[in-house]
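**Q** predicted model, plus sequence, below.
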Amino acid sequence: MAPMKGLTVFIADLRKCRSHEDEEKRVNKELANIRTKFKEPSLNGYNRKKYVCKLVYMALLGYEVSFGHREAVDLVNSTKYSEKQIGYLAISLLMEEDADYGRMVVAAMRRDIHDTNEFNVSLALNAVSNICTREIAEVLTQDIVAQLLSPVASMFIKKKAALCLLRLLRRFPEAVNAQQWAARVIPYLGHRDIGVTLSVASLVTALAQQFPEDTRKAASFAVRRLKSLVIDNEYAAEYIYYKVPAPWLQIKLLRLLQYFPAPESPELRSLLLSILRHIIDVSQDTPRELQQMNAQYSILFEAINLGIQLDIDQGLMQECAVLLGRFITSREINVRYLGLETMAHLAAYIDSLDTIKTYQGVIIQSLRDRDVSVRRRALDLLYSMCDVSSAKTIVSELLRHMVVADFTLREEMALKVAILTEKYATEYSWYVDVMMRLVSLAGDHMGDEVWHRIVQVILGNEELQLYACKIALQTLKAPVCHESALKVSAYVLGEFGHLIANAPDCAPVDQLKALQSKMASGSQSARAVALTTVGKFINLFPEIKTLCLRVLDRYRGALDAELQQRACEYYALATLESEDLMPTVFEEMPPFPERRSALMSRLLKREADTEDQRTWVFGGREINRERKLQKAGKTVEDSEEPPVAAVPQLLEVPEQTRFVADGGQTPEELARVAKSKRHYARLLWENDGILYDGDEIQVGLVAQYKPPAGRVGVFLGNKSTAPIYDISIHVACEESSEKQLVVQQATGQGPLPDSLMPLGQARVFFDVKCIDVFATAPTLRIAYTMAGAPTVSELQMPVTIAHFIDPVTITVADFFSRWKQLGDAAIGEAQNVLKTPFLSTDSGAIQWLRNVVGGAGFALIQGADAEPDNIVGVGIATTENAGRFGCLIRVEPKPAHGLTRVTIRATNPTVAKVVAANINMVFESK
């Protein structure tokens, strides 16, 4: 491109500016001049190009450029290459995704993509990759595919087209309709030009991760192309890199094969095995140059990873283990790093860990390597190779190393020690000792999940509780007690301190003094837990009630609002005359429900996938087997790993879409439907909880009603190990109810995120308003894309006319008077006799019935019925336009017969029917 004098002078003037103010004045002067020039009708292409170049330079300096886009589009439409080049450059830098001139740019790109001049085609493909908007992906994908598959296109254009498709696929996987053209691209893995094959290999690798079924044929093409390179030596001389033929292509093809299962054809299996053995044999020769060694080892490690992943020959696996043992002792840092990482991969698939355990000392020594990346891989390998026989040795080494470990490693090391200790503990005392030592050593470098998990395990195992109490008291009596250890010790003593109350030096007053000695130095959150323990001591040990009240009284004037509130509430509870209130409030915590460990979830979140998806994760054979089955849509009933529970989280949410069962469903699907019904039914009388819990997403609801209005919050969580994109959450009302119920997205909240990483959450709030009585609940529609596959879930949203009922208290006489009036008028009555077999077996069933009626919006009228177990309630449903409707309910349980009669009378028949249907569903889900 010929130099432009005006542009050169302008850049020189800016460089001469001595201050930012001088530069800004010069830029503003030039902007005004360019505006004037653009208005001239006689502006030629050279000057237009020059002024657009100046705008681009200003934009690169950080100045806002709000004009000149049309002129850039004119340059793109020019027939001169130099002008077209500047036009595409300006569009790539200045164009916004929603620009009004976007369609003109897309039209120009399409024209240039089909141009006979390959330089113009190249410019257009570069611009598509750089701009990459959804509109471009939807409109131009087929044109780019046509260039890749064209028999007349040059190799240069084919390479660019393949890489351009890769960019569009990663950015908008659902917009490119890859399944329509993926099969036609795969044969290009055997193209005669290695450069084209290299570009297509990158594209097919991305396709294989999202559409494995549609790209299965790629495996045979990749194996045959590897054979031509590795065994047949068919390649051009220019692709030899330090005596290694096309190393980048070999690596890409070996990595591509890891996304497919082992070939079913004996011929292909034998051919692939011979390729892997040939690569391993070639690597035995010592390279003379560093570049040759790097290339050979890169291919070798990828070949070993493929052999491990496919597991097609146990002899090969053992040979790989011996090779890796040599690499982890190498002097080269890169080789040691790759050796440790690949050995961790081997530990995730190999049947016996005995071969790897022979290098346990070397791996532990690598924890002290001078390079932090090597130390991290050594930690990952120890975590993956650990089993019952080696757990105590590995855990003790990790605890010993934690004192001197790098700060960036301590959190991850603490998580892995906690997981290994729980997973392989064979003695209760060992588990408690290790975990208490862990929180003391690494408490500052780990989140609350660790001490939460310790408490959960102790609560769920009675055999642990006595020993845990003794260790907790010893920890509090020690000269130094970490904050996390204080929280665990306080919680455990508050729950189970009575178990050691008769032991020497463990009397209640000793427990209180030990706790009190550490409260002053604890943080606000630690003192809050300790105050709760003091409140529990009042319930457990009445003999020290006076001492506990003194402690609480001291904190009633605390500056921190949380501490002050706890102290005041506990003090008030303890000084009330009621003898039943304290035992009820401070009742012993039940064991936590069994779910996936929050420690494991946090660890997997740290290892979330970025570009290419990982085919394995650190953690051994069991977790990789479970992960593989989950991706295949199966369950792991026979997993050796014990089920573990998670810390209760804000979002715990039911199974797939709308729970309408049809005759063609499998038993697993019917179980999911039943589970969804239970969650939906619970939200009919509670304002927050789970609505949907699938394999990929969780949906939770939080609602608040002030009839005739309300607000419902929808929480979407990503349960999978892959990110989800293009998230949309909408609520639609049925045609019969769209005029009676208005649901709108609440104002003042930000947009949904573009993507949601594994274990991430998104939320959106909706304002609901009841205009008139409605019979049908609205539909919650959630759409998202995962791994290129769009998914839509439609869930019935638990918003009914019953949710707009307010409790109203009236006298017993008024109740029966209105009950009789509604019965005589026969305006609206619904009556059901429901099977309730749990009444005869569950001592708390009657109280549960009362909770349901109260949660459904009714005020319970005490003593209204001669039968003490009968329940009566009153509520008023409020609408904005139709007014208010009274609603009475009477529940008559018969435990002896396992039946319950529910009668609803209301001043509107629809209200009665909806409330009766809701109660019916709640009872059925019990």
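**A** It's in. Numbers count the residues shown, from 1 in each chain.
**Q** work out for me the element Gly717 sits within.
**A** Per DSSP states H and E, Gly717 falls inside strand 709-718.
**Q** output the below-cut-off pLDDT ranges for the stretch 751-900 of the chain.
**A** 787-788, 826 (pLDDT under 70).
**Q** ignore what I typed, I meant the chain.
**A** 1-2, 287, 312, 443, 445, 592-674, 787-788, 826.
**Q** domains of it?
**A** 461-585, 649-799, 802-924 (automatic domain parsing).
**Q** what's the next secondary structure element after the helix ranked longest in the chain?
**A** If you go by DSSP state H, the chain has its longest helix at helix 290-310. Using DSSP H and E, the helix or strand that follows helix 290-310 in sequence is helix 314-327.
**Q** run the chain-centre distance for that next one.
**A** 35 Å (CA atoms, centre = their mean, to the nearest Å).
**Q** how about that helix: buried residues?
**A** Neighbour counts over helix 314-327 (16 or more other CB atoms under 10 Å) mark Leu316, Met317, Glu319, Cys320, Ala321, Leu323, Leu324, Gly325, Phe327 as buried. For glycine as for every other residue, the C-beta is placed from the backbone atoms N, C-alpha and C.
**Q** now those residues in a markdown table, with distance to Phe407?
**A** What follows is the buried residues of helix 314-327, written out as a markdown table (distance: CB to CB, whole Å):
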| residue | distance to Phe407 |
| --- | --- |
| Leu316 | 40 |
| Met317 | 37 |
| Glu319 | 39 |
| Cys320 | 34 |
| Ala321 | 33 |
| Leu323 | 34 |
| Leu324 | 29 |
| Gly325 | 31 |
| Phe327 | 28 |
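**Q** from the residues you listed, which is closest to Leu290?
**A** Distances from Leu290 to those, taken as CB to CB, are shortest for Phe327 (15.9 Å).
**Q** okay but that closest one is in contact with Arg336, surely?
**A** Yes. Applying CB atoms under 8 Å, one finds Phe327 in contact with Arg336, separated by 6.9 Å.
**Q** got a list of what Asp560 touches?
**A** Contacts for Asp560 (CB atoms under 8 Å, 6 or more residues apart in numbering) come out as Gln524.
**Q** list the buried residues of the strand holding Gly717.
**A** Under 16+ other CB under 10 Å, the buried positions of strand 709-718 are Gly710, Val712, Gly713, Val714, Phe715, Leu716, Gly717, Asn718.
**Q** could you find the closest non-adjacent residue to Leu254?
**A** With CB to CB, 6 or more residues apart in numbering as the criterion, Leu254 has its nearest non-adjacent residue at 4.1 Å, and that residue is Glu302.
**Q** list the contacts for that neighbour?
**A** By CB under 8 Å, 6+ apart, the contact list for Glu302 reads Gln250, Ile251, Leu254, Arg255.
**Q** looking at neighbours, which among these is most surrounded?
**A** Neighbour counts for the contacts of Glu302, by other CB atoms under 10 Å, peak at Leu254, which reaches 27 neighbours.
**Q** list the contacts for that one?
**A** Contacts for Leu254 (CB under 8 Å, 6+ apart) come out as Leu226, Ile299, Glu302, Ala303, Asn305, Leu306.
**Q** and what of Ala108?
**A** Counting by CB under 8 Å, 6+ apart, Ala108 touches Val73, Val76, Asn77, Ala124.
**Q** quick one: it is in a helix?
**A** Yes. Under DSSP: H, G, I helix; E, B strand; the rest coil, Ala108 falls within a helix.
**Q** quick one: end-to-end length of stretch 676-692, please.
**A** For stretch 676-692, the first and last residues are 6 Å from each other (CA to CA, to the nearest Å).
**Q** check which residues of it are buried.
**A** Using 16+ other CB under 10 Å as the test for burial, stretch 676-692 gives 676-686, 689-692.
**Q** so which of those is the closest to Thr342?
**A** The closest of the buried residues of stretch 676-692, once distances to Thr342 are taken by CB to CB, is Tyr692, at 39.9 Å.
**Q** if you count contacts, what does the helix or strand hosting Asp824 end up packed against?
**A** Using DSSP H and E, Asp824 sits within helix 812-825. Counting contacts by 3 or more CB pairs under 8 Å, 6 or more residues apart in numbering; DSSP states H and E, helix 812-825 packs against strand 828-835, strand 884-894, strand 899-906.
**Q** which elements pack onto the helix or strand following the last one?
**A** Toward the C-terminal end, the helix or strand that comes next after strand 899-906 (DSSP H and E) is helix 909-925. Under the contact criterion of 3+ CB pairs under 8 Å, 6+ apart, helix 909-925 touches helix 667-682, strand 828-835, helix 845-855, strand 884-894, strand 899-906.
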